[in-house]
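# Please work out how this folds:
(chains A and B)
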2 protein chains.
Amino acid sequence: MPRVTDDHLAARRRQILDGARRCFAEYGYDKATVRRLEHTIGLSRGAIFHHFRDKDTLFFELAREDAERMADVASREGLIQVMRDLLAAPDQFDWLATRLEIARKLRNDPVFHQGWEERSAELSAATEARLRRQKKAGRLRDDVPSEVLQTYLDLVLDGLVARLASGDDPKKLGAVLDLVEASVRQQGSGVS
Amino acid sequence: MPRVTDDHLAARRRQILDGARRCFAEYGYDKATVRRLEHTIGLSRGAIFHHFRDKDTLFFELAREDAERMADVASREGLIQVMRDLLAAPDQFDWLATRLEIARKLRNDPVFHQGWEERSAELSAATEARLRRQKKAGRLRDDVPSEVLQTYLDLVLDGLVARLASGDDPKKLGAVLDLVEASVRQQGSGVS
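Numbering: from 1, shown residues only, chains lettered A, B, ... in the order given. Okay, here's the model as predicted:
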């Protein structure tokens, strides 16, 4: 039996996550069954669930990876840049649709809700910190509380995901983001 | 056998639609099986599909009823008032979640996409007509094309549905709608 190195472990985890992302993207949250996960990943359920406890754990880890990547952009360039990046990555749309399919589960399943919130916390924190800095620099409108601006941007992100996942033209949506950007900006400020 | 009157037909259709709405709201689009529809409606599949050809036809008829009701409000008071009405009707949230679950189907199933578009056309037309009137009256900002404002409002509606369906606080979202309303309004205009 070969020695299990850290590299090998990391590669195996990567294989599982990449396959799971494709599987969720193709079938949606509910229809990504264990059998389909096995097939798309190319490993047995025993091997998969040795690394990730169950299907929800897998899903959350993908959500966490997304949130981490988005938080990085949000922290440097704001949540609207995160949205512009989404518009430029059409191969992500099918995966994004799964985020909409879990709304019912988020409402009705407290454990799932908490798991999801924990994974999204990093993105919320990055957006919040960026808004605080922008406000301090006088680039954010100050007639509306920051919490409202943050809720607004979160809502726009969800709306964008919904329109993209339903097949809207990314170009049309880009013009909408310009409008959104202007609506959180301090009047007369050049940079948002 | 009793004579089938128009009243009886209308009542039967109503029974089916009300039951179907409850069933979609409780189980979601995919899991609202024919068996569950029979149970929630209280009629056999034969009776149900005598009135509506199949599950999609039922779903579209509910979407059409929604669009008609929303178009009526949108035409008189604008799409933002439609959204405020949504915030005030929490019992609708579970049904609204089904609108998100079909995004994947909208993208991948052209027949379904067309059926959905046809049912939403009335609401789009009402919103468009209202935006045109508001623009003419000088209450709408004129530095952004109307199509962009319409896409923006459609996106905000989807985002609102997503946040509501995920369990966000309606009060928090109301403040966001004030911001949205101000962002489509002509500067200095009191009425949007």
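# And whichever residue of chain A sits closest to chain B, how far from B:Val180?
With Cβ to the nearest Cβ as the measure, A:Gly159 is the residue of chain A nearest to chain B, at 2.7 Å. Backbone N, C-alpha and C define where each C-beta goes, glycine included. Counting by Cβ to Cβ, to the nearest Å, the separation of A:Gly159 from B:Val180 is 11 Å.
# tell me, what's touching the two both at once?
The contact sets of A:Gly159 and B:Val180 overlap at B:Val156 (Cβ atoms under 8 Å, 6 or more residues apart in numbering or on different chains).
# How many neighbouring residues does the closest residue to the residue of chain A closest to chain B other than its chain neighbours have?
Leaving aside its chain neighbours, A:Gly159 sits nearest to B:Gly159 (2.7 Å; criterion: Cβ to Cβ, 6 or more residues apart in numbering or on different chains). If you count neighbours by other Cβ atoms under 10 Å in any protein chain shown, B:Gly159 ends up with 26.
# ditto for A:Ala74
By the measure other Cβ under 10 Å, the count of residues near A:Ala74 is 27.
# doesn't it fall inside a helix?
Yes: per DSSP: H, G, I helix; E, B strand; the rest coil, A:Ala74 lies within a helix segment.
# right, and it touches A:Val82 too?
Yes: with contacts counted by Cβ atoms under 8 Å, A:Ala74 reaches A:Val82, the gap being 5.3 Å.
# Give me the below-cutoff pLDDT ranges for chain A.
In the predicted model of chain A, residues A:1-4, A:188-192 satisfy pLDDT under 70.
# 90 instead, please
A:1-7, A:28-31, A:63, A:66-67, A:69, A:89-109, A:115-124, A:142, A:164-169, A:185-192 (pLDDT under 90).
# Just the helices from it, written as ranges.
Taking DSSP state H as the test, the helices found in chain A are A:6-31, A:34-41, A:45-51, A:55-77, A:79-87, A:93-101, A:103-108, A:110-136, A:146-165, A:170-184.
# Any idea which of the ones you listed gets closest to B:Arg64?
With Cβ to Cβ, the closest approach to B:Arg64 among the helices of chain A belongs to helix A:146-165: 19.8 Å.
# In terms of secondary structure, what does that closest one contact?
helix A:79-87, helix A:93-101, helix A:110-136, helix A:170-184, helix B:103-108, helix B:146-165, helix B:170-184 (3 or more Cβ pairs under 8 Å, 6 or more residues apart in numbering or on different chains; DSSP states H and E).
# contact partners of the fourth one?
Around helix A:170-184, the neighbours that count as contacts under Cβ under 8 Å, 6+ apart are A:80, A:83-84, A:87-88, A:90, A:140-141, A:149, A:152-153, A:156, A:160, A:163-164, A:192, B:144-145, B:147-149, B:151-152, B:155, B:179-180, B:182-183.
# buried residues in that helix?
A:170, A:172-173, A:176-177, A:179-181, A:183-184 (16 or more other Cβ atoms under 10 Å in any protein chain shown).
# Please convert the residues you listed to CSV, extending it with distance to A:Tyr29.
Converted to CSV, the buried residues of helix A:170-184 look like this (distance: Cβ to Cβ, whole Å):
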residue, distance to A:Tyr29
A:Pro170, 23
A:Lys172, 27
A:Leu173, 24
A:Val176, 27
A:Leu177, 27
A:Leu179, 31
A:Val180, 28
A:Glu181, 31
A:Ser183, 32
A:Val184, 31
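# Now for A:Pro90: which residues touch it?
A:164, A:170.
# Then A:Gln81?
A:73-74.
# I figured A:Thr40 hits A:Cys23, correct?
Yes: between A:Thr40 and A:Cys23 a contact is recorded at 3.9 Å, counting by Cβ under 8 Å.
# Not counting residues beside it along the chain, what's closest to A:Phe52?
Leaving aside its sequence neighbours, A:Phe52 is closest to A:Leu58 (4.5 Å, by Cβ to Cβ, 6+ apart).
# Against A:Gly115, how distant is that neighbour?
Going from A:Leu58 to A:Gly115 by Cβ to Cβ gives 12 Å.
# Look at the two and report which has more neighbours.
More neighbours surround A:Leu58 than the other of A:Leu58 and A:Gly115, with 24 against 18 (other Cβ under 10 Å).
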